[in-house]
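Participant: Would you be able to build a 3D model of this:
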Amino acid sequence: AYAALGIDEFMIVGVDTPREIATLGRETIALLRNSLARREHEAFQPGAYASRAGLETRATG
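Facilitator: Model (predicted):
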């Protein structure tokens, strides 16, 4: 969401201890990983641009 708005940098205050920094880092990485995975999934959809006529086959008998 931030990248879509053009925000590529932000400051976090109140994180002072190594434990808080590590926790925030893990949470931030998880959010970034999920965001990137969602973008990759949206960008690459196999068959998204294929002709529908070629995909439908019907059995006749």
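
Participant: per-residue confidence averaged over the top helix by length along the chain?
Facilitator: In the chain, assigned by DSSP state H, the helix with the most residues is helix 18-43. Averaged over helix 18-43, pLDDT sits at 87.

Participant: Show me what that helix is packed up against.
Facilitator: Here helix 18-43 touches no other helix or strand, going by 3 or more C-beta pairs under 8 Å, 6 or more residues apart in numbering; DSSP states H and E. Yep, even glycine has a C-beta here, placed from its N, CA and C like the rest.

Participant: Next one: the nearest residue to residue 3 once chain neighbours are set aside from residue 10, what distance?
Facilitator: Computed as C-beta to C-beta, 6 or more residues apart in numbering, the closest residue to residue 3 that is not its neighbour in sequence is residue 35, at 7.7 Å. Distance, residue 35 to residue 10, by C-beta to C-beta, to the nearest Å: 14 Å.

Participant: Which of those two has more residues huddled nearby?
Facilitator: Per other C-beta atoms under 10 Å, whichever of residue 35 and residue 10 has more neighbours is residue 35, with 14 against 6.

Participant: if I look at the more buried one, how far off is residue 24?
Facilitator: In this view, residue 35 and residue 24 are 16 Å apart by C-beta to C-beta.

Participant: how many other residues sit next to residue 28?
Facilitator: Neighbours of residue 28 (other C-beta under 10 Å): 11.

Participant: Please disregard the earlier target; I meant residue 3.
Facilitator: Residue 3: 10 surrounding residues under other C-beta under 10 Å.

Participant: Same check on residue 34?
Facilitator: Neighbour count for residue 34, taken as other C-beta under 10 Å: 10.

Participant: what's the answer for residue 12, then?
Facilitator: By the measure other C-beta under 10 Å, the count of residues near residue 12 is 9.

Participant: What of residue 6?
Facilitator: Number of residues near residue 6 (other C-beta under 10 Å) recorded here: 6.

Participant: so how far is residue 44 from it?
Facilitator: Residue 6 sits 24 Å away from residue 44, taking C-beta to C-beta as the criterion.
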